[in-house]
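In: what's the 3D shape of this:
(one chain, ligands or ions: 1)
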Amino acid sequence: MASIEKDADGFYTPAAAGAHTHTVLTADAVGENTDLIKSSFEVSVTLADQQGDPNSPLYSIKTFEQLGLHQDLLRGVYDMGFSKPSKIQERALPLLLANPPQNMIGQSQSGTGKTAAFVLTMLSRVDFSINKPQALCLAPSRELARQIMSVVVAMGKHTPVQTEYAIRDHLPKSVTRVTAQVIVGTPGTMTDLIRRRVIDVSEVKIFVLDEADDMLNQDGLGEQTLRVKNQLPKTHPVQIVLFSATFPDHVRNFANKFAPRANKIELQKTELSVDNIRQFYMDCRDEDHKYEVLVSLYNLLTIGQSIIFCQHRHTADRISQRMTTEGHKVASLHGAKDASERDAIIDSFREGREKVLITTNVIARGIDILQVNMVVNYDLPLMNERGDWKNKTDLQPDIETYIHRIGRTGRFGRKGISINFVHDKRTWQQMEVIEQATGRGIIRIETNDLDEMEEQMKKALK
Ligand SMILES: Nc1ncnc2c1ncn2[C@@H]1O[C@H](COP(=O)(O)OP(=O)(O)OP(=O)(O)O)[C@@H](O)[C@H]1O
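Out: Residues are numbered from 1 along each chain as shown. The predicted model follows:
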């Protein structure tokens, strides 16, 4: 790997922002004035405004043409309806596409378009005349791996790219060789397929970790992720690309070793979450009251779509079963369900067939469903110092998971709201810690004042 010149602190500093243009759809361009068209028109106008605001993470002075993408990929990007790059895309893509390839540690808020940045890089690195794996991408959940793959397929639509999954229960045991060029998966299955030589890594040129801080967490997926990296060829450089909305201090050192001499795009601690997500809390009397409050919110939860996060699988099961018995339509998703069941549940939620999804941290990261306008932290995310929440001692608020959970709403400049349930002094203090760490106010709403909640919701989502 060629060494890279950087500033005295070792960081890449992008050029100062200059003039910008607004891209606004005209009423004629959107056609008839149905509600759906009107709302997509409003979103487009808002996005265009934000993409022209230098303080927004969606801001860019460049066009996709100026970022050095191949014509076929540009067509893919425009087919997806993107008109201008976001800040992370504008800053990261020229560095990611430079030759010789350079490593990257990239940070940008949730919902600001990191996926496109690394997917376009993977597709740019592939030699389509070689039928061997060349780009590997790992994510912490099968749901996220499947979503990333949908972006690879959409952006690569005008290329001959072949793709394959490395997720549990996907490839039949009879498959002995994968010829696809881009492989997206989870670390356990990826390691296994490489070890069994079903995936031949001899031509791999780029290795991407989405949600990289999670993938490198030494008490979680870190060991398996490192195993994949150690299986990669030593005969030629492999570009290592790490992306996340969060990089807590305890994984930064490991990230720097994992992606040596990387170009870095970093956020300040005060910029971690986007301000289009309004945060609220409700002070419940006890655990059982939390359930009653959730049920009382059902009508508001179903205005758009909502995701309810619990700390444990059994809580997700318990409240979804109880709500279902009481006549509400909800789905529940967690890691103890079968692979095929998980796929069916998330697909059905994505298609809007269910409006309320009760889940655990399994989909706290990366999942991109634009209609989700509400996130409820039924339980606040907690962990102990070692990043382990199963061992109940010494549990502290898990700031990173909180940021990712609320980031399931407010995607790419849209408005969203989050509601935290607290029910005793301890949970109240935990929420205070979260409020301080994220630097954003969390507003109280009375548990019995649904009118106030509705009013606040209208204001927040306007
Ligand atoms: N340049 C663009 N113009 C319009 N929409 C975009 C653009 N780039 C990305 N998007 C859309 O924005 C949404 C969020 O993008 P993406 O899922 O990549 O966010 P992310 O930064 O990876 O978020 P997270 O940290 O939650 O994983 C997606 O629906 C994506 O299609």
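
In: name the nearest residue to the residue minimising distance to the centre of the chain, sequence neighbours excluded.
Out: Nearest residue to the geometric centre of the chain (Cα atoms, centre = their mean): Gly366, 1.8 Å. In this structure, Gly366 finds its nearest non-sequential neighbour in Leu144, 4.1 Å apart by Cβ to Cβ, 6 or more residues apart in numbering. C-beta coordinates here come from the backbone N, C-alpha and C atoms, glycine included.

In: ok, that neighbour to the ligand distance?
Out: 8 Å (Cβ to the nearest ligand atom, to the nearest Å).

In: could you do Gly416 as well?
Out: Gly416 is 12 Å from the ligand, by Cβ to the nearest ligand atom.

In: tally of neighbours for that residue?
Out: 24 (other Cβ atoms under 10 Å).

In: spell out which residues of the stretch 251-400 of the chain are next to the ligand.
Out: For the stretch 251-400 of the chain, the residues in contact with the ligand (Cβ under 6 Å from any ligand atom) are Gly366, Asp368, Leu370.

In: for the stretch 101-250 of the chain, what spans make up the strands?
Out: Counting by DSSP state E, counting those that start in this stretch, the stretch 101-250 of the chain has strands at residues 104-107, 135-138, 163-166, 182-185, 206-210, 239-244.

In: format the ones you listed as a markdown table; extra columns: mean pLDDT and distance to the ligand.
Out: Below are the strands of the stretch 101-250 of the chain laid out as a markdown table (pLDDT from 0 to 100; distance: least, Cβ to the nearest ligand atom, whole Å):
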| stretch | mean pLDDT | distance to the ligand |
| --- | --- | --- |
| strand 104-107 | 97 | 9 |
| strand 135-138 | 98 | 12 |
| strand 163-166 | 98 | 17 |
| strand 182-185 | 98 | 14 |
| strand 206-210 | 98 | 7 |
| strand 239-244 | 98 | 7 |
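
In: in a markdown table, list those strands along with distance to Lys290 and mean neighbour count.
Out: Below are the strands of the stretch 101-250 of the chain laid out as a markdown table (distance: least, Cβ to Cβ, whole Å; neighbours: other Cβ atoms under 10 Å):
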| stretch | distance to Lys290 | mean neighbour count |
| --- | --- | --- |
| strand 104-107 | 33 | 24 |
| strand 135-138 | 35 | 27 |
| strand 163-166 | 37 | 22 |
| strand 182-185 | 36 | 27 |
| strand 206-210 | 32 | 25 |
| strand 239-244 | 30 | 26 |
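
In: make a markdown table out of these and add distance to Asn299.
Out: Formatted as a markdown table, those follow (distance: least, Cβ to Cβ, whole Å):
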| stretch | distance to Asn299 |
| --- | --- |
| strand 104-107 | 37 |
| strand 135-138 | 39 |
| strand 163-166 | 38 |
| strand 182-185 | 38 |
| strand 206-210 | 35 |
| strand 239-244 | 35 |
